[in-house]
Each structure stands twice: as C-alpha cells, then as structure tokens.
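Undergrad: Let me see the structure of the following:
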Amino acid sequence: MNSGTQRWYVVQTQPNAEGKALVHLGRQGFATFLPRYLKRRRHARRVETVAAPLFPRYLFVTIDMSKQRWRSIYSTVGVARLVSSGDTPTAVADEVIELLKQREDPAGFIKLERPQFRVGEKIRVVDGVFTDCLGLYEGMSDRDRVTILLDLLGRKVRVLVNAEGVAAA
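TA: Below you'll find the predicted structure:
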C-alpha cells in the first residue's frame, strides 16, 4: 500500500463484468486487483485454458475514505455494489491481498494447489459422467488425471477422471 490511509475493499460486480468494472474503476483513479487463475474449459470436444477470476463477480479496490469520492463506485459501469456493513464499506486486511499476490506467477495468475489424497482415501467425483459417484483414490496417472476405483454394477472398476473433477468425500 502506498498510503497509511488507503485500505482494500471488495467490489461485487455484475455477472461476467469483472473486466469491465476493472477498466472503469481504473479510469476513475482507483487502484484495483482482480486475482485470476488459468482454468481448463471443455466445449464442443475441445479443451482450452482460459483466464478466469479466482472469485467470480468480485474484485478488490483501494480507497482513501477521507480523500477519494468513493461513492462514485456505486454508479460505475460493471459494478453491482461495494461490500458493506450497513452504509460503511467493509475493509479487507492487507495481509489477505499480500498472500494472494505472493501466489501469483510471473504472468500474473494465481497458482492453485491441487488437493493431495492418500491411496485408499474416499473421494467423490464432482464433474463429468460419474458425477456424485464415490470411489477410492488410487493415484495420479499424469499431470491432469486421477485414477480412482468406482463400485459399478457390483464390482470395482478403475476409472481415469480429470483432477479438477474430484473432491474429498
């Protein structure tokens, strides 16, 4: 932070308008931070990697309440509201922003850590054909896929699932 009187606050944006709000807040002189990560997206049998907001519909903005005309944020294009407690915007601890920035790679994307499972641990499939099926973690087959044992039709079946498609049971 540059000044001791500036604090970080949370802005809720309109759906899919994080970028638009970011640009318009910047034009008004507000410093902003939109944590993003690289997300794998499947569409029409293609898998592509796209930048996505870490917190969809939310971004951070610095405001000096005593010097800046912060109420203009409410009428900014792409902004739905400023997260507040009553009429007073709720500040975010500087440490939260610093921790997020420390996890950024040189390209500016947050590095996400995949959950680590132990062999034999129960996991649940959250995406794909086997959604909501419970299975046993068997291992990682490669960088992006997890091998699990599912109980299908009375017998154990070994299945490969995208790593993003599983969670702890």
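
Undergrad: Show me how the chain divides into domains.
TA: Following automatic domain parsing, one finds the domains of the chain at 6-102, 122-168.

Undergrad: Lowest average confidence across these, which one?
TA: The weakest mean pLDDT among these belongs to domain 122-168, with a mean of 84.

Undergrad: Can you give me the end-to-end span of that one?
TA: In terms of C-alpha to C-alpha, to the nearest Å, the two terminal residues of domain 122-168 are separated by 7 Å.

Undergrad: Go ahead and measure how far it is from the middle of the chain.
TA: 23 Å (C-alpha atoms, centre = their mean, to the nearest Å).

Undergrad: again, but for stretch 37-45
TA: Averaged C-alpha coordinates place stretch 37-45 at 14 Å from its chain's average position (C-alpha atoms, centre = their mean).

Undergrad: Name the residues that touch that stretch?
TA: 47-52, 54, 109-112, 144, 162, 164 (C-beta atoms under 8 Å, 6 or more residues apart in numbering). Using the backbone N, CA and C atoms, a C-beta is placed for each residue, glycine as well.

Undergrad: rerun that using 7 Å as the cut-off
TA: For stretch 37-45, the surrounding residues in contact (C-beta atoms under 7 Å, 6 or more residues apart in numbering) are 47, 48, 49, 50, 51, 52, 54, 109, 110, 112, 164.

Undergrad: now, among these, which is nearest to residue 155?
TA: Checking the contacts of stretch 37-45 against residue 155 by C-beta to C-beta gives residue 164 as the nearest, at 26.8 Å.

Undergrad: can you confirm residue 19 is in a helix?
TA: Yes. Counting by DSSP: H, G, I helix; E, B strand; the rest coil, residue 19 is part of a helix.

Undergrad: roughly how far apart are it and residue 53?
TA: Remark: distance between residue 19 and residue 53 (C-beta to C-beta, to the nearest Å) = 9 Å.

Undergrad: neighbour count winner among these two?
TA: Neighbour count, other C-beta atoms under 10 Å: between residue 19 and residue 53, residue 53 has more, with 19 against 15.

Undergrad: which residues touch that one?
TA: Shown in contact with residue 53 (C-beta under 7 Å, 6+ apart): 18, 34, 36.

Undergrad: one more time with 8 Å
TA: With C-beta under 8 Å, 6+ apart, residue 53 has these contacts: 18, 34, 35, 36, 59.
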